[in-house]
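1. I would like the atomic coordinates for the input below:
(4 chains)
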2 protein chains.
Amino acid sequence: MPRPRVLPYIILGLLNKNGMMSGKDMISEFKTDISEFWTVSHSQLYPELQRMVDEKQIKVAEDVEVKDRKVINYVIEAKGQETLKRWLAEPITLKNDELTSLKLYCISDQRAPILQQILKQCLALHQQKVVHLKARKELLFGDELAIKANYGHYLILSRAIERESDYVNWLQSKIN
Amino acid sequence: MPRPRVLPYIILGLLNKNGMMSGKDMISEFKTDISEFWTVSHSQLYPELQRMVDEKQIKVAEDVEVKDRKVINYVIEAKGQETLKRWLAEPITLKNDELTSLKLYCISDQRAPILQQILKQCLALHQQKVVHLKARKELLFGDELAIKANYGHYLILSRAIERESDYVNWLQSKIN
DNA sequence: TCTTGCATGTAAAGGGTTACATGATTTG
DNA sequence: CAAATCATGTAACCCTTTACATGCAAGA
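-> Numbers count the residues shown, from 1 in each chain, chains lettered A, B, ... in the order given. Below is the predicted model of the structure:
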């Protein structure tokens, strides 16, 4: 199985959040607000939009107002909202955790139950990570000599523990 | 240009660090110590090893001792050491920063000048990131209302700032 | 009308993963 | 000697990016 696709969900998330959008609007939002976590090229976006129209996830918006340019506007359909909802509700695992920030980005409402659900799953996952990393550090670098022999490895392992611990603390502060 | 290749450099880094290794040895180290940052499948590794032998970056090690199995052992060549050195010395940018941990992993010696060089470049880069993210937060969420309207976005932006700030502090603590 | 810019669209090339294959070695 | 294991090898498929293409529209 190839790498799971992310783009369709982000498209749904944006349309669900912002209402009507064109491909250009999406690319603009990708660059300004999402580029920190994820990137996409326009040559990937436009075919994907067409595919999603075929799948009835989204539809071309009737240009109510001006038909200024060759801009094509899209809106989300009911099926797309279902797809988005299922994606957000997927259990968070080591494999898909890199998408968690993107999922959060799609959730506007502070009181949405799915938000706390995601934060809690994320917390559990990263608490596990901390435990695993600390055990690994103890095993590999319990001896001072080992640190000198593999200093770079020691550095990134120490850093990973600090990073994950910091993340865990932050997650806890955001959970009710 | 397609995504720049990482695997050859990791292979060189491992061989430089560990001496003689077989493909299986590498996969084993990938899984135990590097999987936190990077993954590779064996179907990618073995052809790459052959390519690198053709390029004289590495060579098949004469089985000095036992020829127990069909295991093939490799050692790094002078050309490979040069390649590795150049890779480690490449300036760190937003594009290639995701590889920085892997580079550090390849550096055993705490007093290697390249190590401090990498840490300093990394620091500068992430300090810039903090500045940029804080400006973005001020712009987007200076208003309390905006936070409620896009809570998920607010969350990941706040988190990014904290994560980057924490990283900056850590980097500073490791720089002479 | 001609040029330039721009939103959208298409093509080609390489990276990466999963699934399957090979051949030797251990194990019963 | 048969069967299972395992290091290595191969094939097919999709994702992603870069480069190039199209066609309309604003402005000179």
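2. domain assignment for chain A?
-> As assigned by automatic domain parsing, chain A contains the domains A:7-91, A:116-174.
3. got the end-to-end distance for the shortest one?
-> Read it as domain A:116-174. Start-to-end span of domain A:116-174 (Cα to Cα, to the nearest Å) is 8 Å.
4. what about it, distance to the chain center?
-> Computed by Cα atoms, centre = their mean, to the nearest Å, the chain-centroid distance of domain A:116-174 equals 21 Å.
5. max-length helix in chain A?
-> Of all segments of type helix in chain A, defined using DSSP state H, the longest is helix A:113-141.
6. list the buried residues of the helix or strand following that helix.
-> Counting by DSSP states H and E, the next helix or strand C-terminal to helix A:113-141 is helix A:144-149. The neighbour-count check on helix A:144-149 (16 or more other Cβ atoms under 10 Å in any protein chain shown) flags A:Ile147 as buried. All C-beta atoms are positioned from the backbone trio N, CA, C, and that covers glycine.
7. would you put the C-alpha positions of helix A:144-149 in PDB?
-> The C-alpha trace of helix A:144-149 is given here as PDB (Å, rounded to 0.1, in the frame of the first residue of the first chain):
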ATOM      1  CA  GLU A 144      29.400   7.700  30.900                       C
ATOM      2  CA  LEU A 145      31.900   6.300  28.500                       C
ATOM      3  CA  ALA A 146      29.100   5.400  26.100                       C
ATOM      4  CA  ILE A 147      28.200   9.100  25.800                       C
ATOM      5  CA  LYS A 148      31.700  10.000  24.700                       C
ATOM      6  CA  ALA A 149      31.800   7.200  22.200                       C
END
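8. other SSEs contacting it?
-> Contacting helix A:144-149 under the criterion 3 or more Cβ pairs under 8 Å, 6 or more residues apart in numbering or on different chains; DSSP states H and E is no other helix or strand.
9. okay, the angle between the helix or strand in which A:His153 is found and helix B:113-141?
-> Using DSSP H and E, the element containing A:His153 is helix A:151-174. If you take axes from the mean of the first three to the mean of the last three Cα atoms, to 10 degrees, helix A:151-174 sits at 20 degrees to helix B:113-141.
10. residues in contact with helix A:151-174?
-> By Cβ atoms under 8 Å, 6 or more residues apart in numbering or on different chains, the list of residues contacting helix A:151-174 from outside reads A:119, A:122-123, A:126-127, A:129-130, A:133-134, A:136-137, A:140-141, A:146-147, B:33, B:36-37, B:101, B:103-110, B:115, B:155, B:159, B:162-163, B:166-167, B:170, B:174.
11. likewise stretch A:111-126?
-> A:85, A:88-89, A:91-94, A:97, A:100, A:103-104, A:107, A:109, A:164, A:167-168, A:171-172, A:174-176, B:151-152.
12. measure how far it is from the centre of its chain, please.
-> Centre to centre, stretch against its chain (Cα atoms, centre = their mean), the figure for stretch A:111-126 is 13 Å.
13. report the buried residues of it.
-> Buried positions in stretch A:111-126, judged by neighbour count with 16+ other Cβ under 10 Å: A:114-115, A:118-123, A:125-126.
14. average pLDDT for that stretch?
-> What stretch A:111-126 shows for mean pLDDT is 98.
15. so A:Pro8 sits in a helix?
-> Yes. Counting by DSSP: H, G, I helix; E, B strand; the rest coil, A:Pro8 is part of a helix.
16. report pLDDT for it.
-> 97.
17. so A:Ile92 sits in a helix?
-> No. Secondary structure of A:Ile92 (three-state DSSP): coil, not part of a helix.
18. ok, it - how many residues close by?
-> Using other Cβ atoms under 10 Å in any protein chain shown, A:Ile92 has 20 other residues around it.
19. how far away is the closest residue to it other than its chain neighbours from chain B?
-> In this structure, A:Ile92 finds its nearest non-sequential neighbour in A:Gln121, 4.2 Å apart by Cβ to Cβ, 6 or more residues apart in numbering or on different chains. In this view, A:Gln121 and chain B are 15 Å apart by Cβ to the nearest Cβ, to the nearest Å.
20. near chain B, which residues of chain A show up?
-> Within chain A, the residues that sit near chain B (Cβ under 8 Å from any Cβ of the partner chain) are A:17, A:33, A:36-37, A:101, A:103-110, A:115, A:133, A:136, A:148-153, A:155-156, A:159-160, A:162-163, A:166-167, A:170, A:174.
21. try it again at 7 Å.
-> A:33, A:36, A:101, A:104-110, A:115, A:148-153, A:155-156, A:159-160, A:162, A:166, A:170, A:174 (Cβ under 7 Å from any Cβ of the partner chain).
22. where does chain A dip in pLDDT?
-> Along chain A, the parts satisfying pLDDT under 70 run over A:1-3, A:63-68.
23. what strand or helix carries the residue in it that DNA strand D sits nearest to?
-> As assessed by Cβ to the nearest atom of the strand, DNA strand D sits closest to A:Ser43 within chain A, at 3.1 Å. Following DSSP H and E, one finds A:Ser43 within helix A:42-54.
24. that helix - contacts with which helices or strands?
-> If you count contacts as 3 or more Cβ pairs under 7 Å, 6 or more residues apart in numbering or on different chains; DSSP states H and E, helix A:42-54 packs onto helix A:7-18, helix A:23-29, strand A:58-60.
25. ok, that helix near DNA strand C or not?
-> Yes. Using Cβ under 7 Å from any atom of the strand, we find that helix A:42-54 touches DNA strand C at A:42-43, A:46-47, A:49-50.
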